[in-house]
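**Q** Show me the folded form of this:
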Amino acid sequence: MTARYDAASAVALPGGLLALGGEGEVTLLQPGGALERLGALERWVYGLALSPRRDLLLAGDAAGSARVFRLADRSLRCELKRSAGISAAAFDPTGTWFAVAGDDGSIALARVADCTGVDRQLAVRQLGIPQRRMRSVAAGQAVLVGDGAGNVSAWSTATWSLAGRWSAHAGEVTALAALPDGGWVSGGLDHAVVAMSGVSSAPPRRIGQLRNFPWALRPSPDGMSVLSADAAGDLTLLPLGEGGAPATLLSERRPLYALAVAPGRPEVVVAGMTGRVLRVSLVQAEDRNASWPRATMLRESVMALAYSPDGRWLAEAGTDGTVALRDAEPGDAPPRRFEGLERQVHALVLTPEHLWAGGDDEALVRWPIHAGAAAAPLRIEEHAPIHSIAATPDARMSPDARAPERVVVVLRSRCRDRPHIGMIVL
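**A** Here you go, the predicted structure:
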């Protein structure tokens, strides 16, 4: 006689057993068909996982309860209580930690020994943005998003609610940056650069018109101007104040894709299809312009540049997946190359402890910058190309290695009307 059992989840166990997640319980199905109750939970069990040593079973239910059971004697080892329902569960490869994912969009990490350590949390959020294709993201006092319809929107990272939305361009927003005063600056396919002040109620205003659309925008070190690297090959300085005129600092014959501002120094670096990384002084009285060979391969264009918060390191990424870290001052030291990506890299972020990168590999990768290029990276599969990455100010500047790093990621959705933006906290 075969008994009927309704299960929401299942996982195979040693000895031909099958663990079933049911309503308010975990049940073991014996090879002969008999059912044995392993332990009680509160509601339907959607998350089940077997430990790497195959001696523990993790179960998580819709009430937010996660319990670790010993399979040898069928006893409860420990319990973790979450505020939101649990829909997935997993052990890390060493069996030291387990993770549960909940309805609140977060993943909690806890020690297998006693179910503690939930202060270590990976928070993954998705904003409900109905606009068309997104390309640009920036993080300041809010998360800023530029979309394919020419709009810029600001989102609260506390509630993930829409704080404001402005029409900025006739066409796609191609570049976006947060300003020190809480405002923003954007560039679009209409070749315009538009700024929104964070200290006044005035609407966004155009501060310049470029020869082609900007690939990258950054505020100047003094916060009084904006720098633009565009598809015409121009590096342009655009004053934010009234009455100032844009000034072309550099004009290359090939597009400039990447731009980074040196922390604490009046200089920037730019690169693109040219065979060099160009350093440009922002002080007219000084002639500190210099260049050095790019770290990417000869056939690659440089798509992204980023300084470390202390200005010591400069990261570089290219169209063939090369990610490299070099001394920010030109010299003879060879760059350190990081393995893990093979296709075009669209974005880089450097925090005090890590280098983040993403692009057409459809994965967000993080390397420790102080452990050498051979250190194994953290890889988060996103299953869609990554357009842009931005670190919130606390992630960029915190000197505490234990402090959480908040990184905002824009993914290029395969469905035109279903874009995806998320925040990852490690």
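
**Q** which residues does the closest residue to Leu282 other than its chain neighbours contact?
**A** For Leu282, ignoring the flanking residues on the chain, the nearest one in space by C-beta to C-beta, 6 or more residues apart in numbering is Pro266 at 4.1 Å. Just so you know, the C-beta spots here come from the backbone N, C-alpha and C atoms, and that holds for glycine as well. For Pro266, the contacting residues are Ser220, Pro221, Asp222, Ser281, Leu282, Val283, by C-beta atoms under 8 Å, 6 or more residues apart in numbering.

**Q** Quickly list what the fourth one is bridged to.
**A** Same thing as Ser281. Applying DSSP bridges to Ser281 gives these bridge partners: Glu267.

**Q** My guess is it contacts Glu267. True?
**A** Yes. Counting by C-beta atoms under 8 Å, Ser281 does reach Glu267; the two are 5.1 Å apart.

**Q** Return the set of buried residues in stretch 66-84.
**A** Buried positions in stretch 66-84, judged by neighbour count with 16 or more other C-beta atoms under 10 Å: Ala66, Arg67, Val68, Phe69, Leu71, Arg77, Cys78, Leu80, Arg82, Ala84.

**Q** In the residues you listed, find the pair that's most separated.
**A** Longest distance between any two of the buried residues of stretch 66-84 is 27.3 Å, between Leu71 and Ala84; criterion C-beta to C-beta.

**Q** I'd like the distance between Pro377 and Gly22.
**A** Pro377 is 39 Å from Gly22, where distance means C-beta to C-beta, to the nearest Å.

**Q** got a pLDDT number for the residue nearest to Leu282?
**A** If you check Pro266, the pLDDT there is 90.

**Q** Can you tell me how far it is from Ser225?
**A** Pro266 is 11 Å from Ser225, by C-beta to C-beta.

**Q** One more: Val365?
**A** 33 Å.

**Q** domain assignment for the protein?
**A** Domain ranges of the chain: 9-119, 128-425, per automatic domain parsing.

**Q** For the nearest residue to Ala89 once chain neighbours are set aside, what is the enclosing helix or strand?
**A** Among residues not flanking Ala89 along the chain, Gly47 sits closest, at 3.3 Å (C-beta to C-beta, 6+ apart). Of the helices and strands defined by DSSP states H and E, Gly47 is found in strand 35-50.

**Q** quick one: the helices in this protein?
**A** 393-397 (DSSP state H).

**Q** Give me the nearest residue to Leu29, chain neighbours excluded.
**A** In space, Leu29 is closest to Leu18, 4.2 Å off (C-beta to C-beta, 6+ apart).

**Q** can I assume the one you found is in contact with Ser9?
**A** No. Using C-beta under 8 Å, Leu18 makes no contact with Ser9, being 10.9 Å away.

**Q** out of those two, which sits in the more crowded spot?
**A** More crowded of Leu18 and Ser9, by other C-beta atoms under 10 Å: Ser9, with 21 against 14.

**Q** And the strands in the stretch 251-400 of the chain, which stretches?
**A** Using DSSP state E, counting those that start in this stretch, the strands of the stretch 251-400 of the chain run over residues 256-261, 267-272, 276-281, 290-293, 302-307, 313-318, 323-327, 336-338, 345-350, 354-359, 363-368, 378-381, 386-391.

**Q** how about the ones you listed in a markdown table, adding distance to Met196 and mean neighbour count?
**A** Below are the strands of the stretch 251-400 of the chain laid out as a markdown table (distance: least, C-beta to C-beta, whole Å; neighbours: other C-beta atoms under 10 Å):
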| stretch | distance to Met196 | mean neighbour count |
| --- | --- | --- |
| strand 256-261 | 20 | 24 |
| strand 267-272 | 22 | 25 |
| strand 276-281 | 26 | 19 |
| strand 290-293 | 34 | 15 |
| strand 302-307 | 24 | 25 |
| strand 313-318 | 29 | 25 |
| strand 323-327 | 32 | 21 |
| strand 336-338 | 36 | 19 |
| strand 345-350 | 22 | 24 |
| strand 354-359 | 27 | 27 |
| strand 363-368 | 28 | 22 |
| strand 378-381 | 31 | 14 |
| strand 386-391 | 17 | 23 |
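
**Q** between those strands, which one is nearest to Ala231?
**A** So among those, strand 256-261 is nearest, using C-beta to C-beta, at 7.8 Å.

**Q** Check the average confidence over that closest one, would you?
**A** 94.

**Q** Mind listing the strands that strand pairs with, and their directions?
**A** Partners of strand 256-261 in its sheet, by DSSP bridges: strand 267-272 (antiparallel).

**Q** okay, the angle between the partner strand and strand 302-307?
**A** Orientation of strand 267-272 against strand 302-307 (axes from the mean of the first three to the mean of the last three C-alpha atoms, to 10 degrees) gives an angle of 160 degrees.

**Q** which residues touch strand 267-272?
**A** Contacts for strand 267-272 (C-beta under 8 Å, 6+ apart): 215, 218, 227, 229, 233, 235, 250, 252, 254-262, 277-282, 288, 294, 301-302, 305, 307, 314, 316.
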